[in-house]
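K.L.:
Sequence first, then the predicted structure, then my questions.
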There are 2 protein chains.
Amino acid sequence: MRALLTDLYELTMAAGYAAAGKAGEVATFELFVRRLPPNRNYLIAAGLAQAVDYLLNVRFQPEDLDYLRSLPQFALAPPAFWDLLRNFRFTGDLWAVPEGTPVFAGEPLLTVRAPIVEAQIPETYLLSMVSFQTMIASKAARVVEAAGGRSVVEFGTRRAHSPEAGVLAARAAYIGGCSGTSNVESGRRFGIPVLGTAAHSWVQSFESELESFRRLRDLLGAGTVYLVDTYDAIEGTRRAASLGKPLWGVRLDSGNLAELSRAARRILDDAGLSDAKIMVSGDLNEYKILELVAAGLPIDAMGVGTDLAASSDSPTLGAVYKLAQIDARFTAKFSPDKHTYPGAKQIFRFPGHDMVTCHWECPCDKEPVPAPLLRPVILRGELVESLPTADEARIRAKRALAQLPASVRGLYDQDHPYRVEYSAELTKLYEDLRARATR
Amino acid sequence: MRALLTDLYELTMAAGYAAAGKAGEVATFELFVRRLPPNRNYLIAAGLAQAVDYLLNVRFQPEDLDYLRSLPQFALAPPAFWDLLRNFRFTGDLWAVPEGTPVFAGEPLLTVRAPIVEAQIPETYLLSMVSFQTMIASKAARVVEAAGGRSVVEFGTRRAHSPEAGVLAARAAYIGGCSGTSNVESGRRFGIPVLGTAAHSWVQSFESELESFRRLRDLLGAGTVYLVDTYDAIEGTRRAASLGKPLWGVRLDSGNLAELSRAARRILDDAGLSDAKIMVSGDLNEYKILELVAAGLPIDAMGVGTDLAASSDSPTLGAVYKLAQIDARFTAKFSPDKHTYPGAKQIFRFPGHDMVTCHWECPCDKEPVPAPLLRPVILRGELVESLPTADEARIRAKRALAQLPASVRGLYDQDHPYRVEYSAELTKLYEDLRARATR
């Protein structure tokens, strides 16, 4: 079914290309973010695994074709169009930045080079999948940075934009640095640690809070996290402490977390449970976490839901998918705030700045030349590189973030954003093209 | 697979209920929104069809059980738990407000009454599915209201939170009043009109804009919408106009829409194309549309993408799923800003205000008594009401919105929000319960 997960105009254009005898022209599209969203100084590339899966497996089913034939837009579509859809598969090339790589505005996250119809139809799917996961991975990296070494668990599926979005958000959040997720399907599908113990309704379903705690410990032993604020967080913590070991700790989900975490710490310590941990949750985000951490509170772990799974302070990424070349002809846009550079590109990351070059170019005046960020993933329709697991992407993100200037990892917009230069050759190509276009 | 689309704690609680011999206790949960988001004066219920599909079909597959057995959290889970999952199906009741119904804070969108394990496991899925679609339908209703009778097309899949979220957003936006969507799969799956013609890359892929326009018209005839701003919107409109009939019209996707729409109108009229329409798009939302409409511009239709598909100004809905009763015992929460009322409820819509009552109650001091909003959809695990199509839900929303006070349909927070009362009997039940709890 997935081939219909696209915008109609991708298909009307495909019909038009077929009618114009252009379906075989080779197009190069690049997916990138024009401008970083507010308070974002970097992005963490994510979603590539699903993009690759799509490109390798996208097909039109007979019922898809029946549906399209019923639409007035295809009344005049030529037979070549229907043949094309019936036999549709992606036979082109995909170059991409590995998941977990920090990227910046203007840098292609992926480059698709294929017969124009094969490159055009995937636009909608690729944009949605890659920009969503990249947005969430980037948000997670911020939250994890704010938590300063404390464990952050992603809890947001119930507020994600559909259950499937929750599965993908959990994956992306893990790549961005979270320790795990509450989403079971994401755990199963992507090998992500899953966490969670009980809700307020668990406590309410028993006649007494103490009984609910006892029952939970019977099940979870040393993994028990008591949710203590159903009735009164202090009383709840005392009841939890009264049960002694084993336990992992307590979770505070409401109220004044500063006061409550300090009080809970004292209660646990007084009960000889100094190893017991304190987790907090409830409408947290990187800004609130930074405050909690700065206050030096006895908090060991955080659960973050809504704001992470929907990237609430910046819920979309303005990713675009732009034509850079068709057959031998470079294309670009010259409008002042929406210009695009022509031709396929490459990215080199030097200490402290990046350089975007023409795809064939080596920035050889700089030594030593780092490995280019965009790598071939699919060539002529075949996978040529094994994709990193979510775990590997998470490790990559952690290492790469540590190598960026500290200011880039800040939570707010920087006066001196990370520098992305365009090579002299790429700039000249753009200027030449513009001169010809306005001639 | 879908049974694992849940939070882990739903499953640890299920194991705990099985261990405590409580799995058969009958729980009543209600799904509602505590507070309306900023600038929202109503919500349009949506997502019920998918919620019902989930409840009727949710199952654990053998590989799901294998995965769960591998988790440390279930090391002590009793055999009864595994039996329960292996034979899991929803055997309870679902009452719900029909899709397309306006609802307000504190009003249950749905009520689930089932053995506690069957009612608990669906929590995450139901919350995500219903709150996402409700949020988008509500956003769409605002955008359509602002457009004042002009057609609004949903274009946002590429900015949706995953491709599947785009399919569901298109459905919800249609229920909220949009005329159609660009999302082909949503069109096929839900019978929603699909729209779209060509992107800037179409124009760029030809040597000249005029040729690209000619080719498009060859394909689409009277349905042709020329995207005129790839190079220069005025020139583009002139070129489109030079081709004469047939055409639907032109689309402006950037620049000063006020100036450009007026200029385009003149060009089309001067070419004898006064029937040709003007569509605008590009980062639109209800606030910008209201300005365009207020300026009396010659705009016939709008394409709305990012802001609609992600409800960008309010990207989450704080929906909750709260235990209201377990067996014969009512439950409630008494904390000042998060209190919940006990027991299953019903909603009656009187002219100008709603009344929330106990489920069994008839607000018979008011005459005539309107039909209650919550209706039985699933009883004892079986569907008892045929669900409305997206089309029917859209009609319901349109009619119901027209019957609300005009101020409620405003785009900004109102000084006098729509009134939702709680019946005397429900209030007494809550107070009695609180008195006993604090005794």
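P.N.:
Noted; the coordinates are in hand.

K.L.:
Does residue A:420 touch residue A:108 like I think?
P.N.:
No. In this structure residue A:420 lies outside contact range of residue A:108 using Cβ atoms under 8 Å: 11.6 Å. For every residue, glycine as well, the C-beta is placed using N, CA and C.

K.L.:
ok, these two, which is more surrounded?
P.N.:
Shown here are residue A:420 and residue A:108; by other Cβ atoms under 10 Å in any protein chain shown, residue A:108 has more neighbours (27 against 16).

K.L.:
Could you say which helix or strand holds the more buried one?
P.N.:
Using DSSP states H and E, residue A:108 maps to neither a helix nor a strand.

K.L.:
Compute the distance between it and residue B:81, please.
P.N.:
Per Cβ to Cβ, to the nearest Å, residue A:108 is found 49 Å from residue B:81.

K.L.:
ok, now residue A:80?
P.N.:
Counting by Cβ to Cβ, the gap from residue A:80 to residue B:81 is 57 Å.

K.L.:
Have a look at the two and say which one is more surrounded.
P.N.:
Set residue A:80 next to residue B:81 and count neighbours by other Cβ under 10 Å: residue B:81 wins out with 23 against 14.

K.L.:
Leaving out chain neighbours, which residue sits closest to the more buried one?
P.N.:
Nearest residue to residue B:81 in three dimensions, chain neighbours excluded: residue B:18, at 4.0 Å (Cβ to Cβ, 6 or more residues apart in numbering or on different chains).

K.L.:
any idea whether the one you found is helix, strand or coil?
P.N.:
For residue B:18, the secondary-structure state derived from DSSP: H, G, I helix; E, B strand; the rest coil is helix.

K.L.:
I figured it was touching residue B:80, is that so?
P.N.:
Yes. Using Cβ under 8 Å, residue B:18 is in contact with residue B:80, at 4.4 Å.

K.L.:
Overlap of the contact sets of the two?
P.N.:
With contacts taken as Cβ atoms under 8 Å, 6 or more residues apart in numbering or on different chains, residue B:18 and residue B:80 have no neighbour in common.

K.L.:
Can you read off the pLDDT for residue A:434?
P.N.:
In this prediction, residue A:434 carries a pLDDT score of 90.

K.L.:
same for the one helix or strand it maps to, what does it pack against?
P.N.:
Using DSSP H and E, residue A:434 falls within helix A:424-438. In this structure, helix A:424-438 makes packing contacts with strand A:353-358, judged by 3 or more Cβ pairs under 8 Å, 6 or more residues apart in numbering or on different chains; DSSP states H and E.

K.L.:
Now with 10 Å, please.
P.N.:
When contacts are defined as 3 or more Cβ pairs under 10 Å, 6 or more residues apart in numbering or on different chains; DSSP states H and E, helix A:424-438 packs onto strand A:329-330, strand A:353-358, strand A:419-422.

K.L.:
Of the ones you listed, which is nearest residue B:273?
P.N.:
Closest to residue B:273 of these, according to Cβ to Cβ: strand A:329-330, at 31.8 Å.

K.L.:
Neighbours of the residue nearest to residue B:81, how many?
P.N.:
Neighbours of residue B:18 under the rule other Cβ under 10 Å: 22.

K.L.:
so who does residue A:241 touch?
P.N.:
Residues in contact with residue A:241 (Cβ atoms under 10 Å, 6 or more residues apart in numbering or on different chains) are A:226, A:228, A:247, A:250, A:264, A:267-273, A:276.

K.L.:
Tell me which two of those sit farthest apart.
P.N.:
Greatest spatial distance among the contacts of residue A:241 (Cβ to Cβ): A:228 and A:272, at 17.7 Å.

K.L.:
who has more neighbours, the two?
P.N.:
A count of neighbours by other Cβ under 10 Å puts residue A:228 above the other of residue A:228 and residue A:272, at 28 against 11.

K.L.:
my guess is the more buried one meets residue A:243, correct?
P.N.:
No. Counting by Cβ atoms under 10 Å, residue A:228 stays clear of residue A:243, with 11.6 Å between them.

K.L.:
shared neighbours, those two?
P.N.:
Joint contacts of residue A:228 and residue A:243 (Cβ under 10 Å, 6+ apart) are residue A:213.

K.L.:
Single out the most deeply packed of the helices and strands packed on helix A:424-438.
P.N.:
Of all the helices and strands packed on helix A:424-438, strand A:353-358 carries the top mean neighbour count, a mean of 19, counting by mean count of other Cβ atoms under 10 Å in any protein chain shown.

K.L.:
Whatever helix or strand comes next after it: which residues count as buried?
P.N.:
Note on strand A:353-358: by DSSP H and E, the next helix or strand toward the C-terminus is strand A:375-379. Neighbour-count burial for strand A:375-379, counted by 16 or more other Cβ atoms under 10 Å in any protein chain shown, picks out A:377, A:378.

K.L.:
what residues does strand A:375-379 touch?
P.N.:
With contacts defined as Cβ under 10 Å, 6+ apart, strand A:375-379 is touched by A:48-49, A:51-52, A:55-56, A:90-98, A:101, A:110-114, A:346, A:383-387.

K.L.:
Pull out the buried members of these.
P.N.:
Among those, those buried by neighbour count (16+ other Cβ under 10 Å) are A:48-49, A:51-52, A:55, A:90, A:92-98, A:101, A:110-114, A:346, A:387.

K.L.:
from the chain's centre, how far out does the helix holding residue A:434 sit?
P.N.:
33 Å (Cα atoms, centre = their mean, to the nearest Å).

K.L.:
So which bits of it are buried?
P.N.:
Buried positions in helix A:424-438, judged by neighbour count with 16+ other Cβ under 10 Å: A:426, A:429, A:430, A:433.

K.L.:
and which of those is nearest chain B?
P.N.:
Among the buried residues of helix A:424-438, residue A:433 lies closest to chain B (Cβ to the nearest Cβ), at 11.8 Å.

K.L.:
and the closest one, what is it in contact with?
P.N.:
Contact analysis of residue A:433 by Cβ under 10 Å, 6+ apart lists A:329, A:330, A:331, A:332, A:334, A:341, A:342, A:343.

K.L.:
Reformat those residues as JSON lines; add pLDDT and distance to chain B.
P.N.:
Below are these laid out as JSON lines (pLDDT from 0 to 100; distance: Cβ to the nearest Cβ, whole Å):
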{"residue": "A:329", "pLDDT": "94", "distance to chain B": "8"}
{"residue": "A:330", "pLDDT": "95", "distance to chain B": "10"}
{"residue": "A:331", "pLDDT": "93", "distance to chain B": "5"}
{"residue": "A:332", "pLDDT": "89", "distance to chain B": "9"}
{"residue": "A:334", "pLDDT": "81", "distance to chain B": "8"}
{"residue": "A:341", "pLDDT": "94", "distance to chain B": "14"}
{"residue": "A:342", "pLDDT": "95", "distance to chain B": "11"}
{"residue": "A:343", "pLDDT": "96", "distance to chain B": "13"}
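
K.L.:
Is it possible to mark the buried ones in these?
P.N.:
Counted by 16+ other Cβ under 10 Å, the contacts of residue A:433 give A:330, A:331, A:332, A:341, A:342, A:343 as buried.

K.L.:
show me what contacts the second one?
P.N.:
For residue A:331, the contacting residues are A:27-28, A:322-325, A:340, A:342-343, A:433, A:437, B:200-201, B:204-205, by Cβ under 10 Å, 6+ apart.

K.L.:
Could you rerun that using 7 Å?
P.N.:
Contacts of residue A:331 were listed using Cβ atoms under 7 Å, 6 or more residues apart in numbering or on different chains, and they are A:323, A:324, A:325, A:342, B:204.

K.L.:
The second one: what secondary structure?
P.N.:
Secondary structure, three-state DSSP: residue A:324 is strand.
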